[in-house]
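Any chance you could fold what I've pasted below:
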Amino acid sequence: MVGHEVIQPRPRLQRLVDDLGSTLLRVIHAPAGLDDEVTGIAIYDPHDDLLVAPGELVLGVGVGGGEETAALVERLAALRVSALVIKTRGQAAPAWCDSIREHGVPLLGLTPAASWSQVTELLRTLLYRRFAPVSVELAGNPAGDLFAFANAVSDLMGAPVTIEDRSSRVLAFSGRQDEADAARVTTVLGRQVPTRYRELLEERGVFRQLYRTGEPVYVPNLDPGVLPRLAVGVRAGAEVLGSLWVVLTGPPSGEQMQALADAAGVAALHMLHERNTADVRRRLSADLLQSLLEGGPAAAEAAARLGLPGDGLCVLACQPLGPGKAAQEAAADRLNDALALHLSAIHAGAAVARLGHLVYAVLPGHGDPTEAGRHIQSLAAGFAALIEKRDPVAIGIAGPARSLQDLASTRTDAERALRAVRRGAGPARAAWFEDIYLETVLDRLADLLASEASTPRGPVARLCDYDAGNGTDLTASLLAYLEAFGDTGCAAAAVHVHPNTFRYRIRRVREVSGIDLDDPRARLAALVQLSALRRQD
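Alright, predicted model coming up:
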């Protein structure tokens, strides 16, 4: 049913606590209740200024106990926050309770097993979905609000529900998840059904049955300790959009089977609306970021619309490292969403979009350019480590740019750094252009030589011909020697031979090629040619 435009109200603190469930979040002390509206999420850092807006939920990362927490509560009360979340196993200490009663700031406890990044992502997703304006209603729920719809199905089924896409990624979840099992809690925290359970479902043919029949499928005894599931595929014509999953304590009743089958049709409308809305947002973000990165006349307007300053901007160029073109397409979409969510939680003002096969982020770098670059490199490395197991990624970083007109060259530098990282230059998954500048120069020289169809010349050519005719590999020894700046011990270790053997090889290199290794120009020419050959391989 199509209705009038609806602007969803901000969620109350109690609703967020209910949605996450007591497995993740519990109320330690809240004498005034949990009726305040939550306007956003703020992460507390004891080393930074306390910049918190009224109504924000403050995540006390690293906050200890006793007087420290009591003093923080007093400061937060003056800022009129909605609540403070800390990690703790026990009950509130007397000092906390006295401060909470005096100042009225609710104290919530996060289970130690959960990571702050996971909970931040869940909270921001819940808040974002509830803040988003929508224009229609479907079956009494705002169109595209999958969380509201999941809660409606949960109420109908009397059990916790998740809505998942075809890759078993969780798009939305209902409240009451604390009534489920550990497998469901892990699924909701990671926003993805764990690989082990996906494989078990595939082995049993559950997905095949789910998407072929369109009827609810009962899945008992999937694994020890795992409660039964009832699932139904969600379709839009011939296209399979995903599925609904319900955790049960026993076989479903006929009414539950029919209710879930009926819900699948409405779920398709919600999922299509949400997908179309997301597509529009992505296209708009991509168009604005494209204009910004080109650095032309439209860059100033794009920066203003994205809320970015006119100078001091850094660029991240990111690419998933998964195998296969189709797999990389899906991974790039996940990378876009994950990076946008990650940066929104820890770096205000970042703009993220996918352009072609790469994902770009533009974010302001504050203060000294070197310090800004290091800080953003640290953020990028932390993100890469966070998603390493699921979606390994390579990230190149450049900037800060002095002006919007410099962003085009800054983007090019980020892409060059990405290429070097992807090729394995350096130990990290994320590298700043300044740190691997030499590698990017060698890449460009290799491209130049390849574009001219140039073959090795001089001593390198003689060495290559000798290796080809005699089955030796003196070129590898020469390259190791040059890259080790003449350190025989280091170079020998790189090619896994004894230093005495390596010294003999270098004497043969001199004899065969005629290269003068005491001449810095000769060394540079050889290094460039050998590096180009290695990159072409």
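
May I have the secondary structure class of I28?
strand (DSSP: H, G, I helix; E, B strand; the rest coil).

quick one: it and A461, what's the gap?
Going from I28 to A461 by CB to CB, to the nearest Å gives 74 Å. Where you see a C-beta, it was placed from the backbone N, CA and C, and this is true even at glycine.

The two: which is more packed in?
I28 (20 against 13; other CB atoms under 10 Å).

quick one: I41 and A53 touch, right?
No: using CB atoms under 8 Å, I41 is not in contact with A53; the gap is 10.3 Å.

which one of the two has more residues nearby?
Shown here are I41 and A53; by other CB under 10 Å, I41 has more neighbours (20 against 11).

which residues does the more buried one bridge with?
Listed by DSSP bridges, the beta-bridge partners for I41 are L57.

Quick one: list the elements packing against the strand or helix carrying L269.
If you go by DSSP states H and E, L269 is part of helix 254-294. If contacts are counted by 3 or more CB pairs under 8 Å, 6 or more residues apart in numbering; DSSP states H and E, helix 254-294 sits against strand 137-138, helix 146-157, strand 229-236, strand 239-247, helix 299-306, strand 351-355, strand 358-364, helix 407-422.

Quick one: work out the angle between the following helix or strand past the fifth one and strand 351-355.
Scanning forward in sequence from helix 299-306 by DSSP H and E, the next helix or strand is strand 313-320. Interaxial angle, strand 313-320 versus strand 351-355 (axes from the mean of the first three to the mean of the last three CA atoms, to 10 degrees): 40 degrees.

So which residue is dead centre in the chain?
A338 (3.2 Å; CA atoms, centre = their mean).

For whatever helix or strand R208 lives in, buried residues please.
If you go by DSSP H and E, R208 is part of helix 206-213. Residues V206, F207, Q209, L210, Y211 are the ones in helix 206-213 that count as buried (16 or more other CB atoms under 10 Å).

biggest separation within these, which pair?
Maximum pairwise distance in the buried residues of helix 206-213, criterion CB to CB, is 9.7 Å, between V206 and Y211.

Counting neighbours, which bits of the next helix or strand after the helix holding R208 end up buried?
Stepping forward along the backbone from helix 206-213, the first helix or strand reached (DSSP H and E) is strand 217-219. Residues of strand 217-219 classed as buried: V217, V219 (neighbour count, 16+ other CB under 10 Å).

mean confidence score for strand 217-219?
Mean per-residue pLDDT for strand 217-219: 94.

ok, and what's touching it?
Strand 217-219 has contacts (CB atoms under 8 Å, 6 or more residues apart in numbering) with L201, R204, V206, Q209, L210, P228, R229, L230, A231, V232, P251, P252.

Over to stretch 109-125?
Against stretch 109-125 from outside (CB under 8 Å, 6+ apart): 16, 20, 23-28, 41, 43, 57, 59, 61, 85-89, 188-191, 341-342, 344-345, 386.

same check, this time on stretch 460-474
Contacts for stretch 460-474 (CB under 8 Å, 6+ apart): 455-456, 475, 478, 505, 508-509, 512-515, 525-526, 529-530, 533.

just how off-centre is that stretch within its chain?
Between the centre of stretch 460-474 and the centre of its chain there are 46 Å (CA atoms, centre = their mean, to the nearest Å).

count of neighbours near R124?
Neighbours of R124 (other CB under 10 Å): 16.

my read is it is in a strand, agree?
No: assigned with three-state DSSP, R124 falls outside any strand and is helix.

For the remainder of this discussion, apply numbering that starts at 36.
All set: I'll call the first residue 36, so the last point we hit is now R159.

quick one: pLDDT of it?
pLDDT at R159 comes out at 71.

ok, it to A303 distance?
26 Å.

out of everything not next to it in sequence, what's closest to E329?
The shortest distance from E329 to any residue other than its chain neighbours is 5.8 Å, reached at A443 (CB to CB, 6 or more residues apart in numbering).

The one you found is in contact with L328, isn't it?
Yes: taking CB under 8 Å as the definition, A443 is a contact partner of L328 at 6.5 Å.

Settle it for me: which of these two has more neighbours?
L328 (25 against 16).

which residues sit in contact with the more buried one?
L328 touches V350, L390, Y395, V397, L442, A443, R446, counting by CB under 8 Å, 6+ apart.
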